[in-house]
Structure formats: C-alpha cells, structure tokens
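Undergrad: Sequence and computational prediction follow.
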Amino acid sequence: MGEIPEFTTRPELAGTFGMVASTHWLASAAGMAVLERGGNAFDAAVAAGLVLQVTEPHLNGPGGEVPVIAHHAGGEETFVLCGQGTAPEAATLEAFGDLGLDLVPGSGLLAACVPGAFGAWMLLLREYGTLRLRDVMDYAIGYAARGYPLLPAISWGIASVAELFRHHWPSSAEVYLPGGAVPAPGSLFANPALAATYRRILDEAEAASSDRDEQIEAARRVYYEGFVAETIAAYVASAEVMDVTGRPHRGLLSYADLSAWRPRLEEPLTYDFHGLTVCKTGPWGQGPVFLQQLALLEGFDLGAMGPGSAEYIHTMTECAKLAFADREAWYGDPDFTDVPVKALLSAEYNDTRRALAGPQASAELHPGTPGGRPPRLPGFITDSFRAAGDDASVAPSLDVDPPAPRLDPGTGEPTMRTTGPAASSYRAGDTCHLDVADRFGNMVSATPSGGWLQSSPVIPGLGFCLGTRAQMFTLTPGLPATLAPGRRPRTTLTPSLALKDREPYLAFGTPGGDQQDQWSLLFFLNHVLAGMNLQQAIDFPSSHSAHMPSSFYPRQAQPRVLDVESRVGTAVIEDLRRRGHLVNVRPAWSLGRVSAVARRNGMLYAAANPRGMQGYAVGR
C-alpha cells in the first residue's frame, strides 16, 4: 500500500463561515446551528460537547472529563483547558491496601474522580464564548427529553451489561432498560432523568442572575456545590456497588471533593515539526507521546518509505513503543511529580533513543533515562514483559468477521466488536471527539470521555453515572502516576492543535484510549508529509501497536502485537510478520475515528471518519 486514492468516502468540506466535525452527526449539527445563530467556535464546542453526553452515553457522560486545546483569535492565545478531575481526598494507597486491591478497579465507584467535563465546558463558555447558557444547553436538553435515534453500538453496549444492570445496578436498569428490555437499534431513546437534571441546572442558574457570566458561574456552582454534588455525594456515601473485582465496594468521592475542584487553563506543550507548531496537553495526559514520536521520526525519511508501506508502519510502530515506554515511566500530574518533559523532547535524547528502533519488532518495553535519571515501572508492567519473548507465536489473523458484539463490563473501557450490515468494524478504547473552526479565527479541539453507561451505576435521580478514570493510577508507591489525593490521573485523552506562523492551522483528534496518539499521528503525517487532504488522510488504511501496557484495567500489555486494517494488503502484512510483528488483521474500516478542521489561505476545511458510520463534518 502506498498510493493515495483519489476517491474518498466523503468530500473534504470547504468554506469560509464555519466548520464542525465530531463523532456524532447530531453533535456536529448542534455545533453548526450555534454558529449559524451568531455564536463562535467556543459556543459551538460547548453545545456539541453537551449533546455528545446525551447521544453517545456509552462513550461519555456528564460525570466524565474533557481536555480542550483551543486558539482564541481575539486574545491571540493558544491554551489548554484541563477538565480532568482529581482523585478524592480519601483515595489513598492505604485505603486500597485495606481492601486487598493491587489495581484500581475499572468499574464501580472506587475509580471515580471528580467529574470535570461540566465545569470545563462552563469555563470555556464563560471566558471565551458569546452566547447565553440557555442558547447552548437547549440542544442537549431537547435530545434527552424528546429522544434521539439509538446507535446500534449503544444497544449492543446496553445488551452486554444488561444482566449486571438487572442484578446489581438497578438505577442503570431504570434508565437503560425501559420496560425491562434492551432498546432496539434505531429506536427513539430518551433519558428524562438527565433532561430534568439539565433543566434544573439551567433554571437555578437563570434564577440566580440575569447576567450572562453570572448565570454560567451559577450553573457551575449548582453542579459542584448544589443539588448535583449533594445527590452524588449522598449516593456514593451510602451505596455498595458491585465492580470488576466481583465484590461490592463503597466509593470515596465526597461533597468536599466536588465543591473544592476547579477547571484550569494551562499553557500547551509544543513541538515544531515541518513548519508547524504542534500543541498538546501536559504530561497529566498522554499527549506528549505524540510530540515524542515526532521527535523520534525526525531522523527517518518517511517520505521515501511512503505511507502504508511495511517499512513505514514498522518505523512508526517501533518509535511508538519507545515514546509509550517513557509515558509509563515518566508521565504523571506535574503538580505532584517532576516530569522531565524538556529532556524527553530534546534532540540529544531522541538521537540516542532513535537507535533503538531497529529492523525487527522489539519485544521489550524500553523507557529511557532523561537527564541520567533511571526509570522505574510498576510490577504489573514488568511482569507483562518478563513473560514475553521473541519466540511467541504469530497472533491470530482476523481476516473473517470478528466475534459477536461484546463489551466487557469489568474493564471500564468501551471496547466494541461489531458485526453485521449496520457496521463492520472493530473499535477499541472508544470515546468521543469534536473540532470546531469559525469565521473569526477561533479553533477548538476537545476529547470528552468518561462517565459512560458501562462504568458505574446511574446516580439515582440524575440520569448519569460517574467515571472510572482513577483506574489509570498505579498503586505502586513513589511513581509519577501513583495514586494520591488531589492528583490528576494520567489520562489517555489527547486532543491536538497545530499552528502555522502562530495562527491556528489544524485541530484534530480521535477516540481510542491508548491508540489515540497513534491514529491521530498517522492522520497528521498523511496530511503534512504526504500531502493528503483531510478526508484522504482520515480514510487511508490505519494501524496501531498494542505493545504498550493498557491504561485500562486490568492494565495488560500485548508485546509485539500490531493491529492493521486489511486494506494495507497481503504483501505488507506478510512483510510485517517477517519483521517479527504479531499481526492482527482487522476489518477494512475499523481502526480510528479521527475528525479534523483546518484553516489555511482564507478558507476553512473539515472532514470526519466513516468508520463506525456516525461521525460527521458539517460547514459552509
């Protein structure tokens, strides 16, 4: 594979007014409606983000989190908005040790951090938006109250946890098993409890003040200090909930945790690559691995290899292994640990690391020694790689349809295998993403996630559940990602924004857990180095390594395993196997859900992923 096909599944959209791309067409349409009524990119992003909480409940919710990277034209600033909540004050190593746990469970209440998404959306709207609270909340309220067409993946996801709901999580059964049955794909599905929660937040905010900014701040207070926080805290304090351990546990999140938390604005981490300045979150997210991969790839002639070739995929994979190994050893909340980001991105460091990307697939996890500091890894990681060897058998090839729809309720991660005429796809670590560009020069990239319906029980009376992001902490003392009260978990959520001459050029991202900074990197290089337009770059055959430890419970690694779409071709697949990769051949349109917007030469552009058949870009 190497030729760039002229045919694309959708056109690359072009215009001058505004562009919205997201993982659900209803969210994209809501964002565009906001632009049409005079709102800016920040207003549109908030409206779209709130709609995603309703229409993709198997992938995110009001109890989840969101990181945002954006450029504000009026202030000539590019910023990161951290909507990642922190661990509760009661979330100590001793607390988990007393429960006999060596990993934070991936479902239930123990893994709940402070929900950060709502607070982050309110901060973005108040500081950078122009419309009033009702103008952006109405779309989500409408879909929650009147219903929306249920995606097949949602129906399958509910079916996979239906027995858990019936026997252990009755509050979830009340919302997602109306009449006791799994709702059918395509049926009109509503969440009246969530609609009532949104309406009460809006009503109390409007009653508090007639001023726009004060209303938005009041809405934040209602969530984190008012009835929402009170309801969450009361439920967590009283409920013992079955989780993946097979035992019920009480949660740790409290009213004090909720009322004390605030979203925050930060400077992005940046790396200059081929005339672009790529912006990512700090090392409380996995975003710096994107920049580390760029730094490693600077020393290879990717253009001569050609996208889709075995040499290209192999090189990308081996560099990804090195960058993700550093993620495991060094990344964590920089408020609590000294993350050597400057050294990790330095030319000297990457010149040395690059030599480790050899001609054969590595079976090791090989973190570096930035500044001479020796790395440490938790036992669940070292054990995974101690058991791996270069004599492992070739991974099974999935040249035929994958297994029937399945979602493991224990992982806390929406892992879907879907078949049939509605969608022939395989998506691991799925979540949501949105990008917006407006005529004023503003640009937004956001990856909302967490609080999905499989993660923990619905909070009675609120219509949504809490997230499980704390499963990304380690319980090994003294490491950068060790659990501690008030610490941010090292999240996988990683939106991207690139500047050209200090102006916003490209906003992009994808769902995908640990795969996000692999799929989005392939898209980025397809566009920047190979000259593909946005839709060509998205449509091009994709791949990713599963070599690195999963960020999700039970935190397992699959050394040397490489997933590729079948469209890369038999010759490339066999070449990769000769290089030592354990290749899983996935269905033709199954890996990644990238969306993107761009701004260049006075025009706006957008594209969205056909994989999964729900993402869409709109604009004019």
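TA: The structure has been received and is ready for your questions.
Undergrad: For the nearest residue to Thr352 once chain neighbours are set aside, the count of nearby residues, please.
TA: Residue nearest to Thr352 in three dimensions, not counting chain neighbours: Gly368, with 7.5 Å by CB to CB, 6 or more residues apart in numbering. C-beta here means a position set from N, CA and C on the backbone, and glycine is covered the same way. The burial count assigned to Gly368 is 23, neighbours taken as other CB atoms under 10 Å.
Undergrad: what secondary structure does Val20 sit in?
TA: Three-state call for Val20 (DSSP: H, G, I helix; E, B strand; the rest coil): strand.
Undergrad: that's a helix at the residue nearest to Thr352, yeah?
TA: No - counting by three-state DSSP, one finds Gly368 to be coil, located in no helix.
Undergrad: From Lys321, how far off is it?
TA: 12 Å (CB to CB, to the nearest Å).
Undergrad: Spatially central residue in this structure, please.
TA: Centroid-nearest residue in the chain: Leu493, 3.8 Å away (criterion: CA atoms, centre = their mean).
Undergrad: residue ranges with poor pLDDT in this structure?
TA: Residue ranges of the chain with pLDDT under 70: 1-2, 387-430.
Undergrad: Quick one: the helices in the stretch 351-500 of the chain, in order.
TA: Under the criterion DSSP state H, counting those that start in this stretch, the stretch 351-500 of the chain contains helices at 379-386.
Undergrad: residue ranges of the strands in it, please?
TA: Secondary structure of the stretch 351-500 of the chain (DSSP state E, counting those that start in this stretch): strands located at 416-418, 425-427, 434-438, 443-446, 496-500.
Undergrad: Now Gly299: closest residue in space that isn't a chain neighbour?
TA: Using CB to CB, 6+ apart and skipping the chain neighbours, the partner closest in space to Gly299 is Arg354 (4.8 Å).
Undergrad: and the one you found, how many neighbours?
TA: Arg354, neighbours per other CB under 10 Å, totals 17.
Undergrad: so it makes contact with Leu294?
TA: No - under the criterion of CB atoms under 8 Å, Arg354 makes no contact with Leu294, lying 11.9 Å away.
Undergrad: residue with max distance from the center of the protein?
TA: The centre of the chain is farthest from one residue, Ser210, which by CA atoms, centre = their mean lies 35.4 Å away.
Undergrad: so it sits in a helix?
TA: No - Ser210: not assigned to a helix; according to three-state DSSP it is coil.
Undergrad: Torsion angles phi and psi at it?
TA: In terms of degrees, to the nearest 10, the main-chain angles of Ser210 are phi -100, psi -10.
Undergrad: what do you get for Arg599?
TA: Dihedral pair for Arg599: phi -140, psi 120, per degrees, to the nearest 10.
Undergrad: which ones are touching it?
TA: 437, 441, 443, 503-506, 605 (CB atoms under 8 Å, 6 or more residues apart in numbering).
Undergrad: and Ile216, what element?
TA: helix 212-224 (DSSP states H and E).
Undergrad: so how far is the following helix or strand past that helix from its chain's centroid?
TA: Remark: after helix 212-224, the chain's next helix or strand is helix 227-238, criterion DSSP H and E. In terms of CA atoms, centre = their mean, to the nearest Å, the centre of helix 227-238 is set 26 Å apart from its chain centre.
Undergrad: tell me the angle helix 227-238 makes with helix 212-224.
TA: The directions of helix 227-238 and helix 212-224 differ by 10 degrees, with axes from the mean of the first three to the mean of the last three CA atoms, to 10 degrees as the criterion.
Undergrad: Please spell out which residues along helix 227-238 are buried.
TA: Using 16 or more other CB atoms under 10 Å as the test for burial, helix 227-238 gives 228-229, 231-233, 235-236.
Undergrad: so what does that helix touch, helix or strand wise?
TA: helix 192-208, helix 255-260 (3 or more CB pairs under 8 Å, 6 or more residues apart in numbering; DSSP states H and E).
Undergrad: Let's see that with 7 Å instead.
TA: helix 255-260 (3 or more CB pairs under 7 Å, 6 or more residues apart in numbering; DSSP states H and E).
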